[in-house]
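Novice: what follows is a protein structure lacking sequence information:
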């Protein structure tokens, strides 16, 4: 070391991050001359006991990135193979040009007061996750998904981006922020530009994907085909791993209609489900969650939407959170909690809805499943009616034979039949020539056009 250089103190320390131990070689210096900076930068390194190593700078001078001033090197965090596969082509091409994100270098979530102010400036009825502890709780339920690194995470309406940053801090390799309000875009895009491809921001309303009709489309409305194509996400087989996980809060204004829209799209493999078994990890009102999981015999809550979701998806309750935990924008400034006289509605429920890999069979296909949806809707329109009467109305005299084949009594009511029994019944009907000209089939096209309505 030259006479003009000053003394440097080296300190070894251990840091625990995400279950992996990192050995950090920290360099402390009161003063370092400009000419000694490159050598010093080479000395600063981080060793990991895991297979993926995050380093402040590599031994190789070819991997060092020095800004124009030549006095500070950026941190690098090489991505593993699984992470690389989930980055879009654009993101991969930009790697090495922007600030990487390592687990020891966490993003600032911002002040709660400032994030609340930004959220309350929204002019539409919306709920926001502002509390860092709530964002952490949601991210923890995604920890295994993040660790696997196989699926892209779509975040619906992130707003100020508290959950966005929390997911990134937990190691998410690809988050797509779908924001419908232009006011939130600048901050989200600034964050996107400061990262290394882990975040992509799109002006899009998830709840307005694939509206009925054709023609030009202006954001935030969008066709799912354009969204997935622009993101470089391809279709996969129905039995493949979940390709995309959608995280957020169902829009209160059309929560029920959105559930029906998803049902039709799921059974016909349209919209987002064209690309595979897209999983939803969403906050939904306790009222509608209770209907989704209602069991046969509960005539107040067990409805067509209950049977269809249970038939097609695994539904898991992850957490219940009081409405007051969310920042809500409403005209009167209150929490705007939907009224419910049938079931409790004191919470928003975080629910994981995963389409079943065995939904489709040689008999139940995306081409005829819209008929199954109509059949279930018609049966459960009157839950105290006898199922045999409904079957005989479609094809006289066939009801007794069908019920015997699935082991149901002739006195069973439509509201007492389980979802899988309805599916089995439909499979038997599909194999019976007596139902091919039934008036049930003639109404399918008209019913499927109205994807926003349900009984």
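Specialist: Yep, it's here. As the structure is a prediction and not an experimental result, all values here were calculated from the model. Numbering: from 1, shown residues only.
Novice: helices or strands up against the host helix or strand of residue 190?
Specialist: Using DSSP states H and E, residue 190 sits within helix 185-193. On a contact count with 3 or more Cβ pairs under 8 Å, 6 or more residues apart in numbering; DSSP states H and E, helix 185-193 meets helix 162-169, strand 175-179, strand 199-203. From N, CA and C alone the C-beta is placed, and that goes for glycine too.
Novice: pLDDT wise, what is residue 337 at?
Specialist: Per-residue confidence (pLDDT) for residue 337: 79.
Novice: oh, that last question was meant for residue 194, not what I typed.
Specialist: According to the model, residue 194 scores 94 on pLDDT.
Novice: what is the burial count for it?
Specialist: Residue 194 sits with 12 neighbouring residues when counted by other Cβ atoms under 10 Å.
Novice: re earlier: quick one: the helix holding residue 190 to chain centroid distance?
Specialist: 20 Å (Cα atoms, centre = their mean, to the nearest Å).
Novice: list the buried residues of it.
Specialist: Across helix 185-193, burial judged by 16 or more other Cβ atoms under 10 Å covers 185, 187, 188, 189, 191, 192.
Novice: the last one contacts residue 202, correct?
Specialist: No: because the distance of 10.0 Å does not satisfy Cβ atoms under 8 Å, residue 192 is recorded as not touching residue 202.
Novice: quickly list what's touching both of those two.
Specialist: The contact sets of residue 192 and residue 202 overlap at residue 177 (Cβ atoms under 8 Å, 6 or more residues apart in numbering).
Novice: about what we covered before: tabulate the helices and strands packed on helix 185-193 (JSON lines), appending mean pLDDT.
Specialist: Compiled in JSON lines, the helices and strands packed on helix 185-193 are given as follows (pLDDT from 0 to 100):
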{"stretch": "helix 162-169", "mean pLDDT": "97"}
{"stretch": "strand 175-179", "mean pLDDT": "98"}
{"stretch": "strand 199-203", "mean pLDDT": "98"}
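Novice: select, out of those, the one closest to residue 212.
Specialist: Evaluated over the helices and strands packed on helix 185-193, closeness to residue 212 peaks at strand 175-179, with 19.8 Å, by Cβ to Cβ.
Novice: neighbouring strands for that closest one, and are they parallel or not?
Specialist: Applying DSSP bridges, strand 175-179 is found paired with strand 152-156 (parallel), strand 199-203 (parallel).
Novice: what's the angle between it and helix 162-169?
Specialist: 170 degrees (axes from the mean of the first three to the mean of the last three Cα atoms, to 10 degrees).
Novice: now do the strands in the protein.
Specialist: 8-17, 20-29, 46-48, 126-128, 152-156, 175-179, 199-203, 244-249, 279-285, 313-322, 327-329, 347-355 (DSSP state E).
Novice: mean pLDDT for those strands: which is lowest?
Specialist: strand 46-48 (a mean of 31).
Novice: count of residues packed around the closest residue to residue 203 other than its chain neighbours?
Specialist: Distance criterion Cβ to Cβ, 6 or more residues apart in numbering; nearest residue to residue 203, sequence neighbours excluded, is residue 219 at 4.2 Å. Residues near residue 219, counting by other Cβ under 10 Å, number 13.
Novice: mind pulling up the pLDDT for residue 219?
Specialist: On pLDDT, residue 219 comes in at 90.
Novice: gap between it and residue 141?
Specialist: Per Cβ to Cβ, to the nearest Å, residue 219 is found 29 Å from residue 141.
Novice: again, but for residue 147
Specialist: 12 Å.
Novice: wait, residue 254 touches residue 208, no?
Specialist: No: between residue 254 and residue 208 there is no contact under Cβ under 8 Å: 9.5 Å.
Novice: returning to what we had before: the helix holding residue 190 relative to strand 175-179, how many degrees between them?
Specialist: Going by the same axes, to 10 degrees, helix 185-193 makes 170 degrees with strand 175-179.
Novice: can you tell me the closest non-neighbouring residue to residue 154?
Specialist: Spatially, and ignoring its direct neighbours in sequence, residue 154 is nearest to residue 246 (4.5 Å; Cβ to Cβ, 6+ apart).
Novice: wait, I meant residue 211
Specialist: residue 221 (5.6 Å).
Novice: give me the below-cutoff pLDDT ranges for this structure.
Specialist: Applying pLDDT under 70 to the chain picks out residues 1-104, 214, 436-455.
Novice: at 50 instead, please
Specialist: 1-98, 449-455 (pLDDT under 50).
Novice: so which residue is dead centre in it?
Specialist: residue 246 (1.1 Å; Cα atoms, centre = their mean).
Novice: ok so, going back, any idea which of the strands paired with strand 175-179 gets closest to residue 400?
Specialist: strand 152-156 (47.8 Å).
Novice: list the buried residues in that closest one.
Specialist: For strand 152-156, by 16+ other Cβ under 10 Å, it's 152, 153, 154, 155, 156.
Novice: check stretch 324-334 too.
Specialist: Within stretch 324-334, judged by 16+ other Cβ under 10 Å, the buried ones are 326, 327, 328, 329.
Novice: let's have those residues in CSV, adding distance to residue 303.
Specialist: Shown next, in CSV, are the buried residues of stretch 324-334 (distance: Cβ to Cβ, whole Å):
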residue, distance to residue 303
326, 27
327, 31
328, 27
329, 30
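Novice: still on that earlier bit, how about the buried residues of strand 152-156, which pair is most distant?
Specialist: The most widely separated members of the buried residues of strand 152-156, counting by Cβ to Cβ, are 152 and 156 (13.4 Å).
Novice: so for stretch 241-251, what gets flagged as buried?
Specialist: 242, 243, 244, 245, 246, 247, 248, 249, 250, 251.
Novice: quick one: contacts for the first one?
Specialist: Just to be clear, that refers to residue 242. Here residue 242 is in contact with 150, 151, 276, 277, 278, 279, 354 (Cβ under 8 Å, 6+ apart).
Novice: what about the last one, neighbour count?
Specialist: It refers to residue 354. 17.
Novice: ok, the fifth one next?
Specialist: Applying other Cβ under 10 Å, we find 26 residues neighbouring residue 278.
Novice: surely it meets residue 313?
Specialist: No: assessed by Cβ under 8 Å, residue 278 is found out of contact with residue 313, at 10.9 Å.
Novice: tell me, what's touching those two both at once?
Specialist: With Cβ under 8 Å, 6+ apart, residue 278 and residue 313 have common neighbours residue 355.
Novice: now the closest residue to residue 256 other than its chain neighbours: how far from residue 431?
Specialist: Leaving aside its sequence neighbours, residue 256 sits nearest to residue 288 (Cβ to Cβ, 6+ apart; 6.3 Å). Separation of residue 288 from residue 431 (Cβ to Cβ): 35 Å.
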